[in-house]
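>>> model this:
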Amino acid sequence: MRFGYSLGYWRQGPPAGALEAVREAERLGFDSVWTSEAYGSDALTPLAWWGAQTERLKLGTAIMQMSARAATATAMAAITMDHLSGGRFILGLGASGPQVVEGWYGQPYPKPLARTREYVDIVRQVLAREAPVTSEGPFYPLPYSGADGSGLGKPLVSTVHPLRRDLPIYLAAEGPKNVALSAEIADGWLPFLFSPQQSAEAEAQLAAGFALRSGERSPASAFEVAVTVPVELNDDVEKAADAVRPTIALYVGGMGAKGANFHRDVVARMGYEAECDTIQELFLAGRKAEAVAAVPTRLVEEIALIGPAAKIRDELARWEESVVTTILVQGDIRTVRGVAELLG
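As a prediction, this is how the structure comes out:
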């Protein structure tokens, strides 16, 4: 089991003490640092800024939203980051949800699996640099062939030679078919709201994808599963849970339309269908404090590491026995130090 440090996405502004925490994570032997984006800060700029002040940490995006950039622009950013970091970049991609994709980026959301497959294929072509990049579409045709185009587009090859043609690509995935797709076409999976108790189901979904994996992809044995895990060290378990409940309530209750919230569906599949309905109803009604209070402690304990150090140390065993290969610790510099001390 490896440990990374997840900074997530910005809220009102840059997270306080981020650079100090990143440097401390590197000093304490963490494997990687990760940033993400929603509809505020982007994932690449903070990662480049903080990553430039480290030497060893792998630099991952968890996640870059596909709808935010053309596939070729994403490949360009990956090549650039990989060169500047000396081969430390990990490209984490995700489809997001319809509210963000259509409401913020102005892109259509239907058929996210087919879109993901086509998008990743284009990125792979750019990284391979074996021939001019082309795509028959239907989502990202290259060259563009629409009736409103000039008809002058031509297939191109990146002017920059990638540092690594096999630069790793991880996919954020929550639904069973999307998890299988990550195993089929990517080098890693970025779960969210994951419980080690789901490990057997996850293994089956990944196996379905591995069975379709083409020969040129890295072997299934090298596949990574990196999951963001909130960590709250506190002798009072309920107070520790209280620090995590708002995040769960936000994703289950408010990050997606009713009937199209994939985060809620993940938690419901854990056996919390009734609780999810209650949280979502309260959150969408504007009763956010009640939605937060409705998050069960046992749910927090399934997807987070909370409580006294001894309790967390004991619970790490179930994560180590799961499909997870890297835990991305979510917290501040005190959390980073606390986890390092736990691992001793």
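>>> so who does Arg69 touch?
For Arg69, the contact set (C-beta atoms under 8 Å, 6 or more residues apart in numbering) comprises Ala77. Yep, even glycine has a C-beta here, placed from its N, CA and C like the rest.
>>> State the distance from it to Tyr105.
Distance, Arg69 to Tyr105, by C-beta to C-beta, to the nearest Å: 9 Å.
>>> same check, this time on Tyr140
Using C-beta to C-beta, one obtains 14 Å as the distance from Tyr140 to Tyr105.
>>> where along this structure do the helices fall?
18-27, 44-51, 71-85, 98-103, 112-128, 176-185, 199-210, 237-253, 262-267, 273-284, 288-293, 297-303, 309-320, 333-343 (DSSP state H).
>>> Which one of those lies nearest to Ser135?
Proximity to Ser135 (C-beta to C-beta) singles out helix 112-128 among the helices of the chain, at 5.4 Å.
>>> Residues contacting that closest one, please?
With contact meaning C-beta under 8 Å, 6+ apart, helix 112-128 is reached by 66, 71-72, 74-76, 78-79, 91, 93, 95, 131, 133-135, 137, 139-140, 142, 158, 162, 164-167, 169, 171, 177-178, 181, 185-186.
>>> Any of those buried? List them.
66, 71-72, 74-76, 78-79, 91, 93, 95, 133, 135, 139-140, 142, 158, 162, 167, 169, 171, 178, 181, 185-186 (16 or more other C-beta atoms under 10 Å).
>>> give me every residue that touches the residue nearest the centre of the chain.
Central residue of the chain (C-alpha atoms, centre = their mean): Ala62, 3.4 Å from the mean position. Contacts for Ala62 (C-beta under 8 Å, 6+ apart) come out as Ser6, Trp34, Thr35, Ser36, Ala43, Gly92, Tyr170, Ala172, Leu190, Ala226, Thr228, Leu328.
>>> Now that the second one has come up, it's in contact with Leu57, right?
Read that as Trp34. No: Trp34 lies out of contact with Leu57 (C-beta atoms under 8 Å); the separation is 9.7 Å.
>>> Tell me which of the two has more neighbours.
Trp34 (28 against 22; other C-beta atoms under 10 Å).
>>> Look up how far Gly103 lies from Arg115.
Per C-beta to C-beta, Arg115 is found 17 Å from Gly103.
>>> For these two, indicate the residue with more neighbours.
Shown here are Arg115 and Gly103; by other C-beta under 10 Å, Arg115 has more neighbours (21 against 13).
>>> Can you give me the pLDDT of the more buried one?
Here the pLDDT value assigned to Arg115 is 97.
>>> ok, now how distant is Tyr170 from Asp187?
Here Tyr170 is placed at a distance of 6 Å from Asp187 (C-beta to C-beta).
>>> swap that for Glu315, please
Distance of Glu315 to Asp187, given as C-beta to C-beta: 28 Å.
>>> how close does Asp265 sit to Glu275?
Separation of Asp265 from Glu275 (C-beta to C-beta): 13 Å.
>>> hmm, back to that, farthest pair within the contacts of Ala62?
Taking C-beta to C-beta as the measure, the contacts of Ala62 span a maximum distance of 14.6 Å, between Ala43 and Ala226.
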